[in-house]
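S.K.: Give me a 3D structure for the following:
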Amino acid sequence: MGRLVMKFGGTSVANIDRIRNVAQHVKREVDAGHEVAVVVSAMSGKTNELVAWCTEASPMHDAREYDAVVASGEQVTSGLLAIVLQGIGIQARSWQGWQIPIKTSDAHASARILDIDGSEIIGRFKERKEVAVIAGFQGINPKTGRITTLGRGGSDTSAVAIAAALRADRCDIYTDVDGVYTTDPRVVPKARRLDKIAFEDMLELASQGAKVLQVRSVELGMVHNMPIFVRSSFDKPEDIDPHANQPPGTLICSEEEIMEMHVVTGIAFSKDEAQISVRQIEDKPGVAAAIFGPLADANINVDMIVQNVSEDGKTTDLTFTVPATDYNRARDTITSAKAKIGYARLDTATDVAKVSVIGSGMRSHAGVAAKAFKALADRNINIRAITTSEIKFSVLIDAAYTELAVRTLHTLYGLDQA
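M.R.: Coordinates of the predicted model:
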């Protein structure tokens, strides 16, 4: 017997029939003798609808009231699933974030979890064999008593944090895909599902564009060494053996649990990028701070940074990327600071994409990036910028070549299905 946290996303609870399907997944684990907590998202599309209502009511709405509105989606789903579970003979009750409580920071709409008291739920596991159905994505600011939300994708974060607080054996994330793939199967049909992936590799995949898991949930899993199992909620509940060592899906775990690390684990890509080049700046101390300070003050994340110095050493060009959603704000921020920065020209591009090659095995292998640069050159794909880290390198290319680059690199590193 073990203790599981099962998390179901919006498509998995999109209507009553799918909620009944979720209930059968839960019943399977309960019948196998497990103590179970379930974390649910709002029904598919419901959060977007609630957000739109807030914007329609007032474009400059109070973030505290925004949280009160959008948190209601998960409240509905948790109540409905508890009702369905009770209807099939399983002891269950719903929990809102504030009832547990899940204590968070006061950053409404993007709060961070500070503490979770799981004692009451653990007590009910032992005394009543009760399934806890928990509304994801939400918590409470202990100073004000106001409902807070964790930002989009926050239900994944809720689930992993709750699993850590309950000292669960594993956190199962049920989605509309059956695991983590070497890259997006819609771009590379030969992409294969990974049986296991290390936390660090998954963190890089998630942060570089893979949409399977929210980045913060992977961070939490790594900090608490909480195994995360990504699996499909559309597999028939009755076809899965709850006692199997590993049913269909991908286990995200520590490197020590993976027998053999591949040089490259996966290829991630993001088309939501914009490039800004600040030309002919005087090459002197403080110039980079004059550029990136205002961007930081505006809460704009800068990713790739490349600096070129002129032959005479007097001026420099500085190129960087920002999320496409922040492009206009970033450009306006730099333009407003032109007098302080002292640049001659600002060049920008929004038709760019970032392709990232990720793998913990790179630590012990030389020439991994060089192979990629040659392969891309052979395909006449020009590289605008490059960044590297211990287990990842990224290239910025023209967006039109994204799919070709991903397919080329996927084959190059032997990630195609055998």
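
S.K.: Distance of the residue nearest to the spatial centre of the chain relative to residue 394?
M.R.: To find the centre residue of the chain, average its C-alpha atoms and take the closest one (Cα atoms, centre = their mean): that gives residue 214, at 1.9 Å. Residue 214 sits 20 Å away from residue 394, taking Cβ to Cβ, to the nearest Å as the criterion. (Each C-beta comes from the backbone N, C-alpha and C, glycine too.)

S.K.: Same check on residue 329?
M.R.: Shown here: residue 329 relative to residue 394, a distance of 23 Å by Cβ to Cβ.

S.K.: okay, the two: which has more neighbours?
M.R.: When residue 329 and residue 394 are compared for neighbours, residue 394 comes out ahead with 24 against 15, by other Cβ atoms under 10 Å.

S.K.: Pretty sure the more buried one sits against residue 386.
M.R.: Yes. Residue 394 sits in contact with residue 386 when judged by Cβ atoms under 8 Å, with a separation of 7.1 Å.

S.K.: Where does residue 33 sit: helix, strand or coil?
M.R.: The three-state label given to residue 33 by DSSP: H, G, I helix; E, B strand; the rest coil is coil.

S.K.: Let me see the backbone angles for residue 379.
M.R.: Note on residue 379: its backbone torsions stand at phi -100, psi 10 [degrees, to the nearest 10].

S.K.: Could you number the chain from 46 rather than 1 from now on?
M.R.: Done: numbering now begins at 46, and the last item shifts to residue 424.

S.K.: Give me the below-cutoff pLDDT ranges for the stretch 46-195 of the chain.
M.R.: Residues of the stretch 46-195 of the chain meeting the criterion pLDDT under 70: 46.

S.K.: tell me the helices in it, going along the chain?
M.R.: Assigned by DSSP state H, counting those that start in this stretch, the stretch 46-195 of the chain shows helices spanning 61-76, 91-102, 108-115, 117-132, 164-173.

S.K.: Output the contacting helices and strands for the last one.
M.R.: Spelled out, that is helix 164-173. Judged by 3 or more Cβ pairs under 8 Å, 6 or more residues apart in numbering; DSSP states H and E, the packing partners of helix 164-173 are strand 176-180.

S.K.: Could you figure out how far the strand it packs on is turned away from helix 164-173?
M.R.: Counting by axes from the mean of the first three to the mean of the last three Cα atoms, to 10 degrees, strand 176-180 lies at 150 degrees to helix 164-173.

S.K.: Strand 176-180: how far from the chain's middle?
M.R.: Remark: strand 176-180 is offset 22 Å from the chain centroid, using Cα atoms, centre = their mean, to the nearest Å.

S.K.: strands paired with it, and their directions?
M.R.: Based on DSSP bridges, the strands next to strand 176-180 in the sheet, each with its direction, are strand 80-85 (parallel), strand 137-140 (parallel).

S.K.: one step back: what are the phi and psi angles of the residue nearest to the centre of the chain?
M.R.: When read as degrees, to the nearest 10, the backbone of residue 259 gives phi -70, psi 140.

S.K.: what residues are up against it?
M.R.: Contact analysis of residue 259 by Cβ atoms under 8 Å, 6 or more residues apart in numbering lists 197, 198, 199, 201, 202, 251.

S.K.: Report the contact partners of the second one.
M.R.: Spelled out, that is residue 198. Listed by Cβ under 8 Å, 6+ apart, the contact set of residue 198 reads 259, 261, 262.

S.K.: out of the residues you listed, who's nearest residue 134?
M.R.: Of all those, residue 134 sits closest to residue 262, with 31.7 Å by Cβ to Cβ.

S.K.: List phi and psi for that closest one.
M.R.: Recorded main-chain torsions at residue 262 are phi -70, psi -40, according to degrees, to the nearest 10.

S.K.: correct me, but it touches residue 208?
M.R.: No. Taking contacts as Cβ under 8 Å, residue 262 lies outside contact range of residue 208: 10.0 Å.

S.K.: Quick check: residue 402 touching residue 413?
M.R.: Yes. Contact between residue 402 and residue 413 holds when scored by Cβ under 8 Å: they sit 7.3 Å apart.

S.K.: so what sits against both of these two?
M.R.: 309, 438.

S.K.: These two: who's more crowded?
M.R.: In this view residue 402 and residue 413 are compared by other Cβ under 10 Å, and residue 402 has more residues nearby, 29 against 18.

S.K.: In the stretch 246-395 of the chain, where is pLDDT below threshold?
M.R.: Under the criterion of pLDDT under 70, the regions of the stretch 246-395 of the chain flagged as low confidence span 290, 355-357.

S.K.: Where do the strands of the stretch 296-445 of the chain begin and end?
M.R.: Applying DSSP state E, counting those that start in this stretch to the stretch 296-445 of the chain gives strands spanning 311-327, 350-354, 360-368, 390-403, 430-434, 437-443.

S.K.: Export these as JSON lines, with columns for distance to residue 51.
M.R.: What follows is those, written out as JSON lines (distance: least, Cβ to Cβ, whole Å):
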{"stretch": "strand 311-327", "distance to residue 51": "25"}
{"stretch": "strand 350-354", "distance to residue 51": "41"}
{"stretch": "strand 360-368", "distance to residue 51": "32"}
{"stretch": "strand 390-403", "distance to residue 51": "28"}
{"stretch": "strand 430-434", "distance to residue 51": "33"}
{"stretch": "strand 437-443", "distance to residue 51": "31"}
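
S.K.: just the helices in the stretch 196-345 of the chain please.
M.R.: In the stretch 196-345 of the chain, helices defined by DSSP H, counting those that start in this stretch lie at 199-210, 244-252, 260-269, 332-342, listed in chain order.

S.K.: Show me what the longest one is in contact with.
M.R.: Think helix 199-210. Outside of helix 199-210, the residues within contact range by Cβ under 8 Å, 6+ apart are 50, 52, 54, 82, 84-86, 119, 142, 145, 147, 158, 161-163, 179, 181-184, 195, 213, 215-216, 218, 258-259, 261-262, 265-266, 269, 271, 273.

S.K.: One more pass at 6 Å, please.
M.R.: Residues from elsewhere that reach helix 199-210, judged by Cβ atoms under 6 Å, 6 or more residues apart in numbering: 50, 52, 84, 86, 158, 161, 163, 181-182, 195, 216, 258-259, 261-262, 265-266, 269, 271.
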